[in-house]
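# can't give you the sequence, but here's the structure:
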C-alpha cells in the first residue's frame, strides 16, 4: 500500500443557478423505521455524486439509525451563490461540501458555521489541512476527497506515437504542441462552455510564480504585487494568449464542455488538457479502460530546474449553525474523517492523490497519472499550494476573464489588469490591510 504522508509538504495549506435537485440518493435498505434523515449538499459532478452516495451508504451501514440524503447544486459561480444564499436564509442542508481556502473565507464561517476544533475526530485531520478551514481561532471543516493538482493531463499514446517527451519548459510544451497539431490532433484541449476550466493556465501556473518569487502570496495579500505588473504572475495569462494565437486549441473550444474535454482526451482527439487532477476519478467512472492511457505533468515555466507542481487541498465538509441535527451531522463528519471514510471514497472513485486524514492509505494500483503526481507531493521543493490556499484574495470573475483571454477577446495584459481590479473589490470586502 502507498501510505499517505502524515503531513503534506504544503503550507498549513458552472451551469445555471436552478433550484436544487434532490437526487433521491440515500443510504438504502435495512434502516430502522424511525431512522433520522440528515441532508448533505454537494456539487453535481458525477465524481462527487458517486463518492457521496458511497459515503452515505457506508455510514448508514455503520449507523443504522441515521440516513444521509444527497442534495445537489451547480458548480462554479452559480453554485457559490446558492451556498451563500442558503446560509444567509438559514435554509442550508444539515451538512454541506464547499471550497477551502479563499472561497471558504467568503462564506462568513464564524457567523454561519459550527466550530469543530475541539471535536475528537479533528485529531484525525492533517495539520496541513486545518488552516484552510480555519477562521479566527476555530476550524470548521473536515476534508473530503484527496489532494489534487492543477496540471496537464496528457494522452500517453499520442505522445508515444509522435515520439514526444514530457516537457519541462514552456518552450518545450509549445514545441510538442506544434508537432501534435501537425499530426492532425488537437494539441491543447479547452472547454469554455464550462467556464471554470478556463482558469488553469493561470491558477495551475502558481508554482512557477512561487518559484520566481517565494514571497508573492504574502505580498499579494498585502497589495504589494499585482498580476498585471509582476513578470512571473502575468505569464499564465500570456501563455493562454500565446496558445490561442498559435491555433493550438480544439476547434470547438468556445462551446465544448468539461465532459466533452475529458472524452476528447481519453479518445486521443485531443492530446493535452490543463485541468485539475480531480478529473481522474471521473475518468475512471466514465472511461475505466482508458484511465491508464493518461499521464500528468506540471504546467511548465521557463526554468526546467524549477519544474514544480501546483497542488490543491481537498474541499471541506461543514456544519451550518442552522441545522437541527447537530449530533447526527457530527457523527457523519467523523465518519468522513476516518480510515473507513477514506476507504469508502477509494472504493467509489479511486484516489487521485493523498488523503489529508491520518493513517489513510492509497492502493498500489493508483492510476498512472497519480503515480506521475505523487513524487511532487513527497518532495517539498517540488510543489506549491495554489494561491487560493495561501491568500484569501481571489476575485470571482477570473473564469470569465480567462475565457476572454483564451478566446482572443481580451489581451493577456488587459485580462491581468482586469483581474487586479476584480480582486480589489473582494479584498476590500474582507477588510484586508493595504487595500483601502
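Perfect, I can see it now. Treat the numbers as computed from the prediction; the structure is a model and nothing was measured.
# Kindly provide the distance from the closest residue to residue 324 other than its chain neighbours to residue 117.
Nearest residue to residue 324 in three dimensions, chain neighbours excluded: residue 94, at 7.9 Å (C-beta to C-beta, 6 or more residues apart in numbering). C-beta coordinates here come from the backbone N, C-alpha and C atoms, glycine included. The spacing between residue 94 and residue 117, counted by C-beta to C-beta, to the nearest Å, is 20 Å.
# Of those two, give the one with the bigger neighbour count.
For residue 94 versus residue 117, neighbours defined as other C-beta atoms under 10 Å are more numerous around residue 94 (23 against 11).
# list the contacts for the more buried one?
When contacts are counted by C-beta atoms under 8 Å, 6 or more residues apart in numbering, residue 94 is found next to 38-40, 319-320, 323-325, 328-329.
# tell me the SS of residue 226?
coil (DSSP: H, G, I helix; E, B strand; the rest coil).
# Just give me the neighbour total for it.
Neighbourhood size, residue 226 [other C-beta under 10 Å]: 18.
# which non-adjacent residue is nearest it?
residue 420 (4.7 Å).
# Pull up the per-residue confidence for the one you found.
Residue 420 is assigned a predicted lDDT (pLDDT) of 96.
# Now do the buried residues in the host helix or strand of it.
Using DSSP states H and E, residue 420 sits within helix 412-429. By neighbour count on 16 or more other C-beta atoms under 10 Å, the buried set for helix 412-429 is 412, 414-420, 422-424, 426-427.
# Now that we have those residues, can you turn them into JSON lines and tack on distance to residue 212?
Shown next, in JSON lines, are the buried residues of helix 412-429 (distance: C-beta to C-beta, whole Å):
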{"residue": "412", "distance to residue 212": "17"}
{"residue": "414", "distance to residue 212": "22"}
{"residue": "415", "distance to residue 212": "20"}
{"residue": "416", "distance to residue 212": "15"}
{"residue": "417", "distance to residue 212": "20"}
{"residue": "418", "distance to residue 212": "22"}
{"residue": "419", "distance to residue 212": "18"}
{"residue": "420", "distance to residue 212": "18"}
{"residue": "422", "distance to residue 212": "23"}
{"residue": "423", "distance to residue 212": "19"}
{"residue": "424", "distance to residue 212": "23"}
{"residue": "426", "distance to residue 212": "24"}
{"residue": "427", "distance to residue 212": "22"}
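# wait, what's in contact with the residue nearest to residue 226?
Here residue 420 is in contact with 226-228 (criterion: C-beta under 8 Å, 6+ apart).
# quick one: the residue nearest to residue 324 from residue 359, how far?
On the measure of C-beta to C-beta, residue 94 and residue 359 end up 27 Å apart.
# same thing with residue 82?
From residue 82 to residue 359 the distance is 35 Å (C-beta to C-beta).
# so what's residue 146 up against?
314, 345, 351-356.
# That one and residue 68, how far apart?
21 Å.
# cool, and residue 232?
Using C-beta to C-beta, residue 232 is found at 45 Å from residue 68.
# now do residue 380
From residue 380 to residue 68 the distance is 37 Å (C-beta to C-beta).
# So if I had to pick from the two, which one is more boxed in?
Neighbours of residue 380 and residue 68, each counted by other C-beta under 10 Å, are more numerous for residue 68; the result is 26 against 10.
# helices or strands next to the helix or strand hosting that one in the packing?
Using DSSP H and E, residue 68 falls within strand 66-73. Strand 66-73 sits against strand 21-26, strand 36-43, helix 46-62, helix 76-89, helix 326-336, with contacts defined as 3 or more C-beta pairs under 8 Å, 6 or more residues apart in numbering; DSSP states H and E.
# 10 Å instead, please
The contact analysis (3 or more C-beta pairs under 10 Å, 6 or more residues apart in numbering; DSSP states H and E) places strand 66-73 against strand 21-26, strand 36-43, helix 46-62, helix 76-89, strand 95-98, helix 326-336.
# Would you single out the least confident of those?
strand 21-26 (a mean of 42).
# hang on, residue 103 packs against residue 81?
No. Using C-beta atoms under 10 Å, residue 103 makes no contact with residue 81, being 11.8 Å away.
# Now residue 298, what are its backbone angles?
phi -60, psi 150 (degrees, to the nearest 10).
# Also residue 324?
Dihedral angles for residue 324 - degrees, to the nearest 10 - are phi -100, psi 0.
# For it, give its distance to residue 173.
In terms of C-beta to C-beta, residue 324 sits 53 Å off from residue 173.
# So for these two, which residue has more residues nearby?
residue 173 (24 against 8).
# Retrieve the pLDDT associated with the closest residue to that one other than its chain neighbours.
Excluding the flanking residues, the one nearest residue 173 by C-beta to C-beta, 6+ apart is residue 167, at 4.1 Å. For residue 167, the pLDDT comes out at 98.
# before we move on, what about residue 12?
Residue 12 is given a pLDDT of 35.
# got it, and the one 4 residues further on?
Among the per-residue scores, residue 16 holds a pLDDT of 31.
# Also the one 4 residues further on?
Note on residue 20: pLDDT of 35.
# hang on, residue 215 packs against residue 232?
No. Using C-beta under 10 Å, residue 215 is not in contact with residue 232, being 11.6 Å away.
# Tell me the one of the contacts of residue 420 nearest residue 294?
residue 227 (30.4 Å; C-beta to C-beta).
# got a list of what that closest one touches?
Applying C-beta atoms under 10 Å, 6 or more residues apart in numbering to residue 227 gives the contacts 202, 209, 220, 233-237, 387, 395, 398, 412, 415-420, 422-423.
# Which one of the helices and strands packed on strand 66-73 lies nearest to residue 266?
Between the helices and strands packed on strand 66-73, helix 46-62 lies closest to residue 266; by C-beta to C-beta that is 14.3 Å.
# Find residues that contact each of residue 103 and residue 81.
residue 396.
# residues near the residue nearest to residue 173, how many?
Count around residue 167 with other C-beta under 10 Å applied: 22.
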